[in-house]
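Enquirer: Build me a model from this:
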Amino acid sequence: MPEPRPDFSAHRPEQRRRVRRLMAWTVALASLSAACGPVSESSEAPESTEWTREGLEEQPRLELLRQGVSSSLGYEPGTTPWEEIPYSPPSAPPEVPPPDSPGAALANLVGALGWMDLLGEGVWEQTMRVWAPDSDQAVGVVLQWGLQDDAVAGRDLRAHMVRVEGTWQVERLERRFHCRRQVSEAGACA
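Expert: From the prediction side, this is the model:
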């Protein structure tokens, strides 16, 4: 004689709820997967531009700004071209040692120009990067973002540096601006 089967009828409502929840999660995950598109085994992550000449001047916040502006507004945020600016090296106080690295030279420049004083006042963030293709040349950039200005979202400074007798010196300076709305025909933020 077969063994009698246990009576699980009392557990059926709970079991049905569990099955419904499991089905709902399965449908949700399937929908999410379909919305994201198929994952290809050959898809690769974007190549990093860190430690490259191209990555030196990248301002990722500009792309985020562009994505947040509707095309129906009739303008598109942009960046002005680099322009050379006059520069004469400031005389350093005697207690400041001469810069022995391009990073130190860039930091000294930022301090001499008073850019550090703007952080937390008129500038939200500041990033410094240095790219040195060889032991006697370097390019440094200072990227500022979140300016309290209705037309200018950010500004960048690019310093071309050389090493002379073991000391790094700024040879040439350039600047550009990131415009919240657009770059005018005159090349300024409008």
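Enquirer: where does the most centrally placed residue in the chain fall, phi/psi-wise?
Expert: For the chain, residue 60 is the residue whose C-alpha lies nearest the centre (C-alpha atoms, centre = their mean; 3.3 Å). Dihedral angles of residue 60 (phi, psi; degrees, to the nearest 10) stand at phi -60, psi -30.
Enquirer: Tell me, how many residues neighbour residue 141?
Expert: Residues near residue 141, counting by other C-beta atoms under 10 Å, number 20. The way it works is simple: take the backbone N, C-alpha and C, and place the C-beta from them, glycine included.
Enquirer: Correct me if wrong, but it is in a strand.
Expert: Yes. Assessed with DSSP: H, G, I helix; E, B strand; the rest coil, residue 141 lies in a strand.
Enquirer: Distance check, the residue nearest to the centre of the chain against residue 125.
Expert: Counting by C-beta to C-beta, to the nearest Å, the gap from residue 60 to residue 125 is 12 Å.
Enquirer: With residue 147 instead?
Expert: In terms of C-beta to C-beta, residue 147 sits 10 Å off from residue 125.
Enquirer: more neighbours, these two?
Expert: Relative neighbour count places residue 147 above the other of residue 147 and residue 125, with 18 against 12, counting by other C-beta under 10 Å.
Enquirer: correct me, but that one touches residue 121?
Expert: No. Taking contacts as C-beta atoms under 8 Å, residue 147 lies outside contact range of residue 121: 10.5 Å.
Enquirer: Which residue ranges of this protein form helices?
Expert: 12-36, 53-56, 60-67, 102-113 (DSSP state H).
Enquirer: which one of those has the lowest average pLDDT?
Expert: Out of those, helix 12-36 stands lowest, with a mean of 46 (criterion: mean pLDDT).
Enquirer: residue contacts, residue 170?
Expert: Taking C-beta atoms under 8 Å, 6 or more residues apart in numbering as the contact definition, residue 170 lies against 87, 89, 105, 109, 159-161.
Enquirer: Can you lay out the residues you listed as JSON lines showing neighbour count?
Expert: Below are the contacts of residue 170 laid out as JSON lines (neighbours: other C-beta atoms under 10 Å):
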{"residue": "87", "neighbour count": "14"}
{"residue": "89", "neighbour count": "12"}
{"residue": "105", "neighbour count": "24"}
{"residue": "109", "neighbour count": "22"}
{"residue": "159", "neighbour count": "24"}
{"residue": "160", "neighbour count": "15"}
{"residue": "161", "neighbour count": "24"}
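Enquirer: wait, which of the residues you listed is closest to residue 141?
Expert: If you rank those by distance to residue 141 using C-beta to C-beta, residue 159 comes first, at 7.5 Å.
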